[in-house]
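Student: Sequence plus the predicted model coming up.
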Amino acid sequence: MSNTTIYDEVPYPGRPHPQTHPDRMATLALWHGMTPAPVKHCRVLELACGDGGNLLPMAATLPESWFVGFDLSPSAIATAQATVKALGLTNVDLGVANLLDVPPGFGPFDYIIAHGLYSWVPPRVQDKVFAICKQSLAPGGVAYVSFNAYPGWHGRQTVREMLLHHVRGVHSAQERASRSRAFVAHLAECSLVKKPGYRTLLAMEARNVAEMADALLYHDLLEDYNQPRYLHEFVDHAAAHGLRFLAEASFEPLGLLLSAQTRATLEKLAGDAVECEQYLDFVINRTFRRSLLCHADVAVDRTIRPERLALFRIAGEFSWVSSNPDLTSARQEEFRHSSGQILSVTHPLTKSAFLCLAAAWPQSLPFEELKDRALARLAPGPVVREAAGLDGDIRQLAQELAQASSQQLVELHLHQPEMASEPGERPVAPPLARLQAKSQMWVTNLCHRPVGLDALARHLLSYLDGSRDREALLDILMRYVREKGLVVEQNGRALAEEVQSRGALAEGFEASLRSLARMALLVR
């Protein structure tokens, strides 16, 4: 009898999910009054870990922690084990196993991850996911469980059911995916669709399907089982297993997201934090949740306390909008976040802090150090020491950083990876990123995020092992240009001479290295 699964027939390439990282879970646990296990010394379990695309980057950057993962797919585990061997990791235990066979008392683990699993398995396996979390989670531990969410998935489910009907009897995964794309595109363009709302839904889902890789399309929309849940249903199911909802893994304190009037309305409708989250899902039509759980007997403090910022490290990637910003007055200045969002700030100490964060990126700064650096930039600016006093300014800084974190414009952390903010004489990229650069279009950075790179940058990255200086790296780039028949341009003009080409490459070389550092792809 074959042990292969549909995931062996249609591999689902893994990738890092920053919301699953122990640093994210520990940060949100501490924000809510818990005492999480230290990120550098913890035990992590991932259910259905696939090819290790999410678990192994954590193991590579947290060598003093222990990581366990298992999956039903032999080929996925074989791929993961090959990566472990290539990187020489000694803090990982991987195996082929069925969730239903996991014995009671397996563990304990400080952090448990179940990404892309709960919605895609039948009820008895969903029960087992929660049973493992209850039985194997340390007393102060945190579990991450993602799931497709209503109400947003109602529209997508309509399309899914039509696709399942359309490809019934088609067994080839590639053919099922191809026919599904064509069918949704036809529906979106069909002149018979007169209802504006329905036409908008079909057009949106056609774009969604067109952007999906075949593996994602097959395993998300065309799987035999895919059951979204309302948040309140998910929370009730978890409660039946002795677990409680802690927070969403994205740092979104609800009270900071909403206006006072909207918050008051939702609180009147809901009455507690979970119901407020549920009503927020109704408002934003949420399709996917990344929820954190803890044991039911753990005390959770949902009061927003900006003073807790003193416990964290802060990071943020900003640039000034103004060419001549004013730090010392209360004049409004605008910062552009890397996401494109604009943040308006009037408080001098906060403006100075954002400038310090921009200079430090991708590294994070402890709150106290950030405050001291911001004050040093302002000194002897008089505005900071007005009648409200320095303490008042620091409190305002904490409040505005908390507000920015709720909008995901600054990041809170407890752990700082060993990343470089500037390239050294002999630049070093993480071993995993160097390995990935040889075979795929993106690599995992030290912030546990996928980063897309062009072919030349990937080729360069694969050689950044600390053994080569600038001249040796330029030799490698020039050899790559010759072998690939590439043309080097300068000021829009193609350069035919090799000496000129090398000079042009050298001009952009330092900028390329600095860019890799800014993308958290160089090791300190």
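Tutor: Okay, I see it. Numbering: from 1, shown residues only.

Student: Let me know how buried His41 is, in neighbour terms.
Tutor: Look at His41: counted by other C-beta atoms under 10 Å, it has 11 neighbours. (Glycine included, C-beta is placed from N, CA and C.)

Student: so who does it touch?
Tutor: Going by C-beta atoms under 8 Å, 6 or more residues apart in numbering, His41 touches 64-65.

Student: Can you give me the distance of it to Trp66?
Tutor: For His41, the distance to Trp66 equals 9 Å [C-beta to C-beta, to the nearest Å].

Student: swap in Arg302?
Tutor: Going from Arg302 to Trp66 by C-beta to C-beta gives 31 Å.

Student: Please apply the same query to Asp454.
Tutor: 36 Å.

Student: Gly53 contacts Arg15, doesn't it?
Tutor: Yes - with contact defined as C-beta atoms under 8 Å, Gly53 counts as touching Arg15 (4.8 Å).

Student: Please enumerate the shared neighbours of the two.
Tutor: The contact sets of Gly53 and Arg15 overlap at Thr444 (C-beta under 8 Å, 6+ apart).

Student: what about these two, which has more around it?
Tutor: Neighbour count, other C-beta under 10 Å: between Gly53 and Arg15, Gly53 has more, with 21 against 15.

Student: Alpha carbons of whichever helix or strand Thr265 is part of, in PDB - could you do that?
Tutor: Using DSSP states H and E, the element containing Thr265 is helix 260-270. The C-alpha coordinates for helix 260-270 follow below in PDB (Å, rounded to 0.1, in the frame of the first residue of the first chain):
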ATOM      1  CA  ALA A 260     -13.500  56.300  20.300                       C
ATOM      2  CA  GLN A 261     -17.000  56.400  18.800                       C
ATOM      3  CA  THR A 262     -16.600  53.100  16.800                       C
ATOM      4  CA  ARG A 263     -14.900  51.400  19.800                       C
ATOM      5  CA  ALA A 264     -17.800  52.400  22.100                       C
ATOM      6  CA  THR A 265     -20.300  51.100  19.500                       C
ATOM      7  CA  LEU A 266     -18.600  47.800  19.200                       C
ATOM      8  CA  GLU A 267     -18.200  47.400  23.000                       C
ATOM      9  CA  LYS A 268     -21.900  48.100  23.400                       C
ATOM     10  CA  LEU A 269     -22.700  45.400  20.800                       C
ATOM     11  CA  ALA A 270     -20.100  42.900  22.000                       C
END
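
Student: residues contacting Arg518?
Tutor: Arg518 touches 317, 361-362, counting by C-beta under 8 Å, 6+ apart.

Student: Please convert the residues you listed to JSON lines, extending it with neighbour count and distance to Glu9.
Tutor: Formatted as JSON lines, those follow (neighbours: other C-beta atoms under 10 Å; distance: C-beta to C-beta, whole Å):
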{"residue": "Glu317", "neighbour count": "18", "distance to Glu9": "40"}
{"residue": "Trp361", "neighbour count": "19", "distance to Glu9": "42"}
{"residue": "Pro362", "neighbour count": "22", "distance to Glu9": "39"}
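
Student: ok, so of those, who is nearest Ile6?
Tutor: Distances from Ile6 to the contacts of Arg518, taken as C-beta to C-beta, are shortest for Pro362 (37.9 Å).

Student: Now the closest one: closest residue in space that isn't a chain neighbour?
Tutor: Nearest residue to Pro362, sequence neighbours excluded (C-beta to C-beta, 6 or more residues apart in numbering): Ala520, at 4.1 Å.

Student: Ser352 too?
Tutor: The shortest distance from Ser352 to any non-neighbouring residue, by C-beta to C-beta, 6+ apart, is to Ala374 (4.0 Å).
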